[in-house]
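S.K.: Provided below for reference: sequence and predicted model.
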Amino acid sequence: MKGLIVFSNHMEDVEALGTRALLKRAGLDVKSITFESTLDLKTAFGLPIQADQFGSHTKYDDYDFVVIPGGRYVAMTIDSDTEIQKIAKHFDQKKQLVAAICAGPRFLGRAGILNGKSFTAFTGSEIDAPKGFYQPSKKAIRDTHIITARGAGAVYEFAYEIVSYLQGEEKAKSLLENILY
């Protein structure tokens, strides 16, 4: 299975890097893409990182899923975003996994992907999904091919749901056992 994770300046460190690390540990091929003007980025806590490739140079049909982390960048870009919503819609229309954590579900809400679906997100982010069923007490939720999680404290549950969806519950349980969760 091959997937994409969207990296942006000011993304939440744990949600982006922790999720990517857990998915790779589970054996998934995960490439980071960015819609920024450079591959060199800085996380919310100033960690310099480099995305693997530009989103504009990526053939989405070559991948099986997309992950959208949260972070301060969401509030900074949500009103002008077209690319993150577009990639989410692409995978949603193909009924492929779309996973978003913390404020990341705001992009899904704006794209109409959460309409009629149960979801969770960082408190206040539910405003962009008025036709969804917000579940604030849940750490991570899977509804059909959509997985959402509420924040950095739910990265393990988020990764568990992604791995369970893509590779089965036994593989997801094995992942958590291997990290002594």
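M.R.: Perfect, I can see it now.
S.K.: Against residue 136, how distant is residue 124?
M.R.: 10 Å (C-beta to C-beta, to the nearest Å). Any C-beta I mention is one placed from the backbone N, CA and C, and that applies to glycine too.
S.K.: could you measure residue 41 against residue 102, distance?
M.R.: Counting by C-beta to C-beta, the gap from residue 41 to residue 102 is 17 Å.
S.K.: In contact with the closest residue to residue 144 other than its chain neighbours: list those residues for me.
M.R.: The spatial neighbour of residue 144 that comes closest, neighbours along the chain excluded (C-beta to C-beta, 6 or more residues apart in numbering), is residue 117 at 7.0 Å. With contacts defined as C-beta atoms under 8 Å, 6 or more residues apart in numbering, residue 117 is in contact with 132, 133, 143, 144, 146.
S.K.: Would you confirm that the last one contacts residue 114?
M.R.: Read that as residue 146. Yes: assessed by C-beta atoms under 8 Å, residue 146 is found in contact with residue 114 at 7.0 Å.
S.K.: Can you check which residues contact both of these two?
M.R.: residue 108.
S.K.: Counting neighbours, go ahead and name the busier of these two.
M.R.: More neighbours surround residue 114 than the other of residue 146 and residue 114, with 29 against 23 (other C-beta atoms under 10 Å).
S.K.: OK, contacts around that one?
M.R.: Residue 114 neighbours (C-beta under 8 Å, 6+ apart): 105, 108, 129, 131, 132, 146, 148.
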